[in-house]
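Undergrad: Provided below for reference: sequence and predicted model.
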Amino acid sequence: MKSDLETLNPTRVRLTVDVPFDELKTSLDAAYKKIGSQVTIPGFRKGKVPPRVIDQRFGRGVVLEEAVNEALPKFYGQAVEENEVQVLGQPEVDVTEFEDGQHLKFTAEVDVRPQFDLPDYEGIEVTVDDAEVTDADIDDQLRGLQERFGTLTGVDRAAADGDFVSIDLSAAVDGEAVDELTAKGLSYQIGQGSLLDGLDDALVGLSAGESGDFATTLVGGDHAGREATVTVELKSVKERDLPELDDDFAQTASEFDTIEQLREDVRGRLARMKAVEQGVQARDRVLEALLARVDIPLPEGAIRAEVEARNHNLGHQLEAAGMSKEDFLAAEGQSAEDFDADVDKRTREAMTAQFVLDKVVDKEQLSVNEQELTQHIVATASRYGMAPDQFAQQVVQAGQVPMLVSEVVRGKALALILEKAVVTDESGRTVDLEALREDAPVATDIPDEDAAGDLVEAEAVEPEHQ
């Protein structure tokens, strides 16, 4: 076999492969064996049908076609290895010449990794937000804790913002009732804004037994995008009584004896959480600064395939949630065009990051050991709500172990770049990321939408309860 390489553009090549007929013997034998095992011919045991009989019954052309289909991947792989190209995705193969007893000639066009110079990543300078904890921050956290231990009391007055109400809802579009917006005895806190636009304004000022109408644009269901007239009837009003922030509250809501001890604990937890957020921000901005130093041509075929894969995955997620893409876009306040443009942009950013980090991996000769891979599997399984063993089994069955290894080693490359960076906060103070890693390790995954969750899990601010 011999092959030639032609560069079509910086991210796409054409391989031209010429295979002598005698090198197809193994594939021809495999084709006869496969066909012979699938047919039943009187006088011959299955799998023992002679080639001449198969030729007579089914024609030599059927065998040649099966042989070529079996041979193409093998010879394509040899051509890729021979020409030392780093391919991306599946090739477009075209058999240009083949007759019985003659050479097999074919071409394969495929996307390849672009060639580029790795920029200097020593001492990248970035600025992150301050991580100061204010008294107002602590008050907000304690307020949330108060609300958890508060009690609801019925009141005989008009409803106000923050009140807890019981309501009946009904809606109509062009005079026709909307069944999915009919509810009785629905509990709701005014001001949440989580049900329907206009509901909060309609409820404020109503007393128990009174009702009001308002117009709203529906964002889901069969009437998505249409205006509905909604009637809300207020059944009852309750307000939340909050406990006093004193030592008794500290003892009830936490493991501490005094409110000051509780405040200091909240302050420490907030400080650690903000430090982790600072570290994640540093990681994102260092990577962003590094990518701004390169101009990499991206393989359009690979981009299209990745965009299609992301949309396919989103479709599955929406289907599982019982939601259409139109409903999803309406809830997100995006047009289909804006959404597609956003997915394309993030795909390009993620692919560029992968190319750059892979270069760093090669330059620094980074690798992954079994313990690091296991830790990544455990963390990823937790993100998807799966048992580590179950997740690992699925990864192996799907042949995705190399993908996980790539994720881990790219994370190590990003961590190395981050170690070399100069990070300061808005007040000009140097941020010690090493101290942060010792206290609460910063995630080093490539920032991307398909992280499908927070890139770092900060400590809960709330204290443990007795």
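TA: Good, I have the coordinates. Numbering: from 1, shown residues only.
Undergrad: flag the shaky bits of the stretch 351-466 of the chain, pLDDT-wise.
TA: Within the stretch 351-466 of the chain, the ranges that satisfy pLDDT under 70 run 435-466.
Undergrad: and if you look at the chain?
TA: Applying pLDDT under 70 to the chain flags the ranges 47, 435-466.
Undergrad: now do the helices in it.
TA: Assigned helices in the chain, in chain order: 25-38, 51-58, 60-83, 135-148, 199-203, 247-253, 259-291, 300-320, 325-332, 336-364, 370-383, 388-397, 401-420, 433-439 (criterion: DSSP state H).
Undergrad: which one of those helices lies closest to Ser170?
TA: helix 199-203 (12.7 Å; CB to CB). In short, each C-beta sits where N, CA and C put it, glycine included.
Undergrad: now the nearest residue to Ser335 once chain neighbours are set aside: how far from Ser367?
TA: What sits nearest to Ser335 in space, not counting adjacent residues and going by CB to CB, 6 or more residues apart in numbering, is Leu329, at 6.9 Å. In this view, Leu329 and Ser367 are 43 Å apart by CB to CB, to the nearest Å.
Undergrad: and those two? which has more neighbours close in?
TA: In this comparison of Leu329 against Ser367, neighbours counted by other CB atoms under 10 Å, the higher total goes to Leu329 at 16 against 11.
Undergrad: got the contact list for Val17?
TA: For Val17, the contact set (CB atoms under 8 Å, 6 or more residues apart in numbering) comprises 1-3, 75-76, 79, 104-108.
Undergrad: please redo it, this time with the cut-off set to 7 Å
TA: For Val17, the contacting residues are 1, 3, 75, 79, 105-106, taking CB atoms under 7 Å, 6 or more residues apart in numbering as the criterion.
Undergrad: give me the buried subset of those.
TA: Among the contacts of Val17, those scoring as buried are 3, 75, 79, 106 (criterion: 16 or more other CB atoms under 10 Å).
Undergrad: tell me the one of the residues you listed nearest Gln38?
TA: Gln38 lies nearest to Phe75 out of these, by CB to CB, at 24.3 Å.
Undergrad: next up, the contacts around that closest one.
TA: Under the criterion of CB under 7 Å, 6+ apart, the neighbours of Phe75 are 1, 17, 19.
Undergrad: what bridges to the second one?
TA: As for beta bridges, Val17 partners with Ser3, Phe106 under DSSP bridges.
Undergrad: on that earlier part again, what's the most distant pair in the contacts of Val17?
TA: Pairwise distances across the contacts of Val17 peak at 11.9 Å for Ala79 and Lys105 (criterion: CB to CB).
Undergrad: tell me, how many residues neighbour Gln390?
TA: Once other CB under 10 Å is used to define contacts, Gln390 is seen to have 11 neighbours.
Undergrad: dump the residue contacts of the closest residue to it other than its chain neighbours.
TA: The shortest distance from Gln390 to any residue that is not its chain neighbour, by CB to CB, 6+ apart, is 7.3 Å, and that residue is Ala381. Contact partners of Ala381, counting by CB under 7 Å, 6+ apart, are 387-388, 391.
Undergrad: go through these and name the one nearest Asp265.
TA: For the contacts of Ala381, with Asp265 as the reference and CB to CB as the criterion, the closest is Pro388, at 31.9 Å.
Undergrad: pretty sure the closest one is touching Val378, no?
TA: Yes: contact between Pro388 and Val378 holds when scored by CB atoms under 7 Å: they sit 4.7 Å apart.
Undergrad: now the buried ones among the contacts of Val17 in TSV, with distance to Arg348?
TA: Rendered in TSV, the data for these read as follows (distance: CB to CB, whole Å):
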residue	distance to Arg348
Ser3	31
Phe75	33
Ala79	29
Phe106	31
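Undergrad: looking at those, which is nearest Val276?
TA: Within those, the smallest distance to Val276 is 48.5 Å, found for Ala79 (CB to CB).
Undergrad: got a list of what the closest one touches?
TA: For Ala79, the set of contacting residues under the criterion of CB under 7 Å, 6+ apart consists of 3, 15, 17.
Undergrad: neighbours around the residue nearest to Gly220 when sequence neighbours are not counted, how many?
TA: Closest residue to Gly220 in three dimensions, ignoring its sequence neighbours and counting by CB to CB, 6+ apart: Asp327, at 4.2 Å. A total of 18 residues lie near Asp327 under the criterion other CB under 10 Å.
Undergrad: ditto for the one 3 residues further on
TA: Other residues within reach of Ala330 by the criterion other CB under 10 Å amount to 18.
Undergrad: any idea how far Asp389 is from the closest residue to it other than its chain neighbours?
TA: Nearest-residue entry for Ala330: Val219, 4.2 Å, with adjacent residues in sequence omitted and distances by CB to CB, 6+ apart. Relative to Asp389, Val219 is positioned 40 Å away (criterion: CB to CB).
Undergrad: between the two, which one's more packed in?
TA: Between Val219 and Asp389, counting by other CB under 10 Å, Val219 is the more crowded of the two (18 against 11).
Undergrad: give me phi/psi at that one?
TA: In terms of degrees, to the nearest 10, the main-chain angles of Val219 are phi -110, psi 0.
Undergrad: when you give positions from now on, start the count at 788
TA: Got it, first residue is 788 now, which makes that one Val1006.
Undergrad: could you measure from it over to Phe936?
TA: Using CB to CB, one gets 34 Å for the distance from Val1006 to Phe936.
Undergrad: buried ones only from the contacts of Ala1168, please, as a ChimeraX command.
TA: Selection of buried members from those for ChimeraX, criterion 16+ other CB under 10 Å:
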select :1178
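Undergrad: would you mind giving the contacts of Ala1168 as a markdown table with distance to Glu1031 added?
TA: Written out in a markdown table, the entries for these read as follows (distance: CB to CB, whole Å):
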| residue | distance to Glu1031 |
| --- | --- |
| Ala1174 | 44 |
| Pro1175 | 45 |
| Phe1178 | 47 |
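Undergrad: ok, and the closest non-adjacent residue to Thr940?
TA: Asp1028 (5.6 Å).
Undergrad: just list the residues touching the one you found, thanks.
TA: Taking CB under 7 Å, 6+ apart, we find Asp1028 in contact with 937-938, 940.
Undergrad: out of those, who's the most crowded?
TA: In terms of neighbour count, Gly937 stands highest of the contacts of Asp1028 at 13 neighbours, by other CB under 10 Å.
Undergrad: OK, contacts around it?
TA: Taking CB under 7 Å, 6+ apart, we find Gly937 in contact with 1027-1030.
Undergrad: buried only: go through these for me.
TA: If you count burial by 16+ other CB under 10 Å, the buried members of the contacts of Gly937 come out as Pro1030.
Undergrad: ok, and the closest non-adjacent residue to Ile1204?
TA: Nearest non-adjacent residue to Ile1204, counting by CB to CB, 6+ apart: Tyr908, 4.8 Å away.
Undergrad: how near is that neighbour to Gln873?
TA: Separation of Tyr908 from Gln873 (CB to CB) stands at 21 Å.
Undergrad: now swap in Gln979 and tell me
TA: From Gln979 over to Gln873 (counting by CB to CB), the distance is 52 Å.
Undergrad: then Ser981?
TA: 49 Å.
Undergrad: what sits against Leu983?
TA: When the contact criterion is CB under 7 Å, 6+ apart, the partners of Leu983 are 1003, 1017.
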